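Visitor: Below are the sequence and a predicted model for it; my questions follow.
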Amino acid sequence: MAAQAESLQGAPFGTRFTRQMAICRFHDGAWTPHEIVATAPLSLHPGAHVFHYASACFEGLKAYRWGDGSVRLFRSDRHVERMRASAELLCLPAPPAARLHAMIEQAIDVCRDEIPPAPGSLYIRPTLIGTETNIGAAGTGSRDAHLYVLLSPVGDYFSGGARALRILIEDRHLRAPGDFGAVKAGANYASALHHVERARRQHAADQVLFCPGGDVQETGASNFLLLDDQRLMTKPLNEAFLHGVTRDSLLRLAADLGYTVIERDFSVAELLDWVQLGEAALSGTAAVLAGVGTLIYDGREIAVRNGAIGPNTERLRKALTDIQSGTAADPYGWLKQV
Ligand SMILES: Cc1ncc(COP(=O)(O)O)c(C=O)c1O
């Protein structure tokens, strides 16, 4: 959703970094101790596995500075587990959970004074890449790896005002290979990219909703939810799409707010029917819950309800951001003070 990229002092989302990051390597069958180093270019051999065979995965999570100056990390346990699953599927050494937690928390600790207050936050990007120097290793996993935790201070995603998104429905192509959708591999984003670029160019769309064979799955960078005054509906978890931590959080919140939560497969035809009266929204760490105003399908533009962000989208978004910012209690134990 580049069209509404966050800005912090004029810097687009993800282009500003803290002075330091955490890093370690996997070599000779073991992880080296991790260190805090300056955020600076890495020196890698041009024959490194990642440059040829895309052995790369990452995570994206956030930490929030509360009004009293303390810092809270949101559901890092879920992100660490997802990164370990991504590593396994990419045949990369899976970082031990305790190690990854320690790297995230120590990196935050040394960069504490660079975390912006609300509505800004610290976007955390653990990254794992295969660094074995071997261009003949097309059919073997990288035996060496670098693991680092990069930190980016970010502003409010909706600075300048939230606007309803334009989403192109793509009903032929997959976002990612069938068994890879549930992991956060860089290659998945690469394979979706040309669809997203084309949608932007040809339709001024913000994102593409992948619905192979009519099965509504997710967009190039977020999960997809339908809402109305009583219900929240989304696809049930399977290996074709990313199991968003935000999706999971919103489902829990919605149920506790009295919505009926429905996890079932649905078709593009049902989606088009739903949005005559109901709402559609994208969920993810960066966007939280972003309302969809227009769907583009088969050369037609279809308004989602009246084309504006819906009240249930606003309500659920606020319920989650209130917990994250400390304005509301956290009965779920999602936040960890760091
Ligand atoms: C493809 C895709 N789906 C879903 C999500 C939402 O995941 P999460 O809520 O864990 O950020 C993301 C964002 O990271 C994503 O890139």
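Guide: Sure thing, it's come through.
Visitor: Angles on the backbone of the residue nearest to Gly120 when sequence neighbours are not counted, please.
Guide: Leaving aside its sequence neighbours, Gly120 sits nearest to Gly155 (CB to CB, 6 or more residues apart in numbering; 5.0 Å). Backbone N, C-alpha and C define where each C-beta goes, glycine included. Main-chain torsions, Gly155, degrees, to the nearest 10: phi -90, psi -170.
Visitor: Validate this expectation: Met233 resides in a strand.
Guide: Yes. With DSSP: H, G, I helix; E, B strand; the rest coil as the criterion, Met233 is assigned to a strand.
Visitor: How much space separates the residue nearest to Gly120 from Arg16?
Guide: 9 Å (CB to CB, to the nearest Å).
Visitor: now do Arg252
Guide: According to CB to CB, Arg252 stands 32 Å off from Arg16.
Visitor: who has more neighbours, these two?
Guide: Per other CB atoms under 10 Å, whichever of Arg252 and Arg16 has more neighbours is Arg16, with 19 against 15.
Visitor: what helix or strand is that one on?
Guide: Per DSSP states H and E: Arg16 is located in neither a helix nor a strand.
Visitor: cool, Ser249 as well?
Guide: helix 245-256.
Visitor: what does that helix contact?
Guide: 61, 74-75, 78-79, 82, 223, 225, 232, 234, 261, 263, 283-285, 288-289, 316, 319-320, 332, 334 (CB atoms under 8 Å, 6 or more residues apart in numbering).
Visitor: what's downstream of that helix, the next helix or strand?
Guide: The element immediately downstream of helix 245-256 (helix or strand, assigned by DSSP H and E) is strand 260-263.
Visitor: Packing partners of that next one?
Guide: strand 231-234, helix 245-256 (3 or more CB pairs under 8 Å, 6 or more residues apart in numbering; DSSP states H and E).
Visitor: Quick one: closest of those to Glu301.
Guide: Smallest distance to Glu301 across these (CB to CB): 22.7 Å, for strand 231-234.
Visitor: Which neighbouring elements make contact with that closest one?
Guide: Contacts defined by 3+ CB pairs under 8 Å, 6+ apart place strand 231-234 against strand 223-227, helix 245-256, strand 260-263.
Visitor: Using a markdown table, please lay out the helices and strands packed on strand 260-263 together with distance to Cys211.
Guide: Shown next, in a markdown table, are these (distance: least, CB to CB, whole Å):
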| stretch | distance to Cys211 |
| --- | --- |
| strand 231-234 | 13 |
| helix 245-256 | 17 |
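Visitor: Show me the one of these that comes nearest Val183.
Guide: Going by CB to CB, the one of the helices and strands packed on strand 260-263 nearest Val183 is helix 245-256, 13.7 Å.
Visitor: got the buried residues for that closest one?
Guide: Neighbour counts using 16 or more other CB atoms under 10 Å place 245-251, 253-254 of helix 245-256 among the buried residues.
Visitor: out of these, which touch the ligand?
Guide: The subset of the buried residues of helix 245-256 within reach of the ligand, by CB under 6 Å from any ligand atom, is 245-247.
Visitor: Around the ligand, pick out the residues from the stretch 51-200 of the chain.
Guide: Counting by CB under 6 Å from any ligand atom, the residues of the stretch 51-200 of the chain lying close to the ligand are Gly60.
Visitor: need the strands for the stretch 51-200 of the chain, in chain order.
Guide: 56-58, 61-65, 71-74, 121-130, 145-154, 165-170 (DSSP state E, counting those that start in this stretch).
Visitor: JSON lines for those, including mean pLDDT and mean neighbour count?
Guide: Below are these laid out as JSON lines (pLDDT from 0 to 100; neighbours: other CB atoms under 10 Å):
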{"stretch": "strand 56-58", "mean pLDDT": "98", "mean neighbour count": "22"}
{"stretch": "strand 61-65", "mean pLDDT": "97", "mean neighbour count": "22"}
{"stretch": "strand 71-74", "mean pLDDT": "98", "mean neighbour count": "21"}
{"stretch": "strand 121-130", "mean pLDDT": "98", "mean neighbour count": "24"}
{"stretch": "strand 145-154", "mean pLDDT": "97", "mean neighbour count": "23"}
{"stretch": "strand 165-170", "mean pLDDT": "97", "mean neighbour count": "24"}
